[in-house]
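>>> please find the sequence and the predicted model below.
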Amino acid sequence: MNIFVVMKRTFDTEEKIDIRNGQIIDDAVEHIINPYDEYAIEEALQLRDEHGGEVIVVTIGEEEAEKELRTALAMGVDKAVLIDSEDIEDGDQFTTATILAAYLKDKGADIILAGNVAVDGGTGQVGPRLAEELGISAVTTITKLIVDGDKATVERDVEGDVEIVEVSLPLLVTCQQGLNEPRYPSLPGIMKAKKKPLEKLDLDDLDVDENGIEGKTNKVEIFLPPVKKSGKVLEGEMGEQVQELISLLKTEAKVI
């Protein structure tokens, strides 16, 4: 089985984000594998162990992304691919999906896994866009995946309920929390990762026209949410607190 995982390098969710002149400054922050992509990697490894084949993880980024790719290799992935983003300007989800499709179009993928969203952008667009480019089925926000021959049975979260879908391979799924528990890289895995193949490609290798991958969206403004005001603790008897709360809702919050 040919299994591919689409991965993104993101900043650590515990890092403090700095914005200057409308740009996110992340030079000094710690970067990690996008947490939702870890579920995709783990599910891919479990599929390989059950059905055979190999797992290849693909990312678009600069040289620094090798660190996260090596982490994926240490988790058990067989091969990693880094598509250089140095020549990409003003890219967006359309750009990412188009480039990934150019790489994957002739790879004979049986299943492609991606994170449900990236924690830095949160659009959830790349997976469905990629499936559309490749002309294959896509199921998003999955919480269970069973592959039997050329069929897959998928459970997906739909706002607190569960939808069960049966679909034919090839298939793209986007993964979220609850699907599995991602493993930690072991020491032997870290040592083996140093010898596993990590292929580096650029746009010329994929025969991609730079003019044809320009982003379809424009960023108007990037800003941090306003600082929340400190809360107010009401004191006194319960009746007094209720009266004060009603007064505050009328005079300060102006919601009643």
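Good, I have the coordinates.
>>> what about stretch 196-215, average pLDDT?
Within the predicted structure, the mean pLDDT of stretch 196-215 is 87.
>>> again with stretch 116-136
Averaged across stretch 116-136, pLDDT comes to 92.
>>> list the buried residues for it?
Within stretch 116-136, the residues scored as buried using 16 or more other Cβ atoms under 10 Å are 116-120, 124-131, 133-134, 136. Quick note: C-beta positions are derived from backbone N, CA and C, even for glycine.
>>> now do stretch 147-160
For stretch 147-160, a neighbour-count test (16+ other Cβ under 10 Å) marks V147, A152, V154, E155, R156, D157 as buried.
>>> my read: the fifth one touches E163, true?
Translated: R156. Yes - the criterion here is Cβ atoms under 8 Å, and R156 meets it with E163 at 5.1 Å.
>>> ok now the longest strand seen in the chain, how far from the chain's centre?
The residue-count maximum for a strand in the chain (DSSP state E) belongs to strand 137-148. What separates the centre of strand 137-148 from the centre of its chain is 16 Å, taken as Cα atoms, centre = their mean, to the nearest Å.
>>> list the helices and strands it packs on?
Applying 3 or more Cβ pairs under 8 Å, 6 or more residues apart in numbering; DSSP states H and E, one finds that strand 137-148 contacts helix 35-51, helix 126-134, strand 151-158, strand 161-168, strand 171-175.
>>> quick one: closest of those to I88.
Comparing the helices and strands packed on strand 137-148 against I88 with Cβ to Cβ, the closest turns out to be helix 126-134 (14.1 Å).
>>> which residues sit against the closest one?
Contact with helix 126-134 is made by 6, 93-94, 96-98, 100-101, 104-105, 109, 112, 114-116, 118, 137-138, 140, 170, 172-174, as judged by Cβ atoms under 8 Å, 6 or more residues apart in numbering.
>>> now the residues you listed: which count as buried?
Buried members of these, counted by 16+ other Cβ under 10 Å: 6, 93-94, 96-98, 100-101, 104, 109, 112, 114-116, 118, 137-138, 140, 170, 172-174.
>>> could I get the buried residues of stretch 147-160 in TSV, plus columns for pLDDT?
Putting the buried residues of stretch 147-160 into TSV (pLDDT from 0 to 100) gives the following:
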residue	pLDDT
V147	96
A152	96
V154	96
E155	95
R156	92
D157	87
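>>> out of the residues you listed, which is nearest to G236?
Of all these, G236 sits closest to D157, with 43.9 Å by Cβ to Cβ.
>>> bridged to that closest one, which residues?
Note on D157: beta-bridge partners by DSSP bridges are V162.
>>> surely it meets Q176?
Yes - with contact taken as Cβ under 8 Å, D157 and Q176 are classed as touching, separated by 6.8 Å.
>>> give me the common contacts of the two.
In terms of Cβ under 8 Å, 6+ apart, D157 and Q176 are both contacted by the residues T141, I142, T143.
>>> contacts only, for the second one.
By Cβ under 8 Å, 6+ apart, the contact set of I142 is V154, E155, R156, D157, V173, T174, C175, Q176, L179.
>>> with the first one instead?
Taking Cβ under 8 Å, 6+ apart as the criterion, T141 is in contact with N116, R156, D157, V158, T174, Q176.
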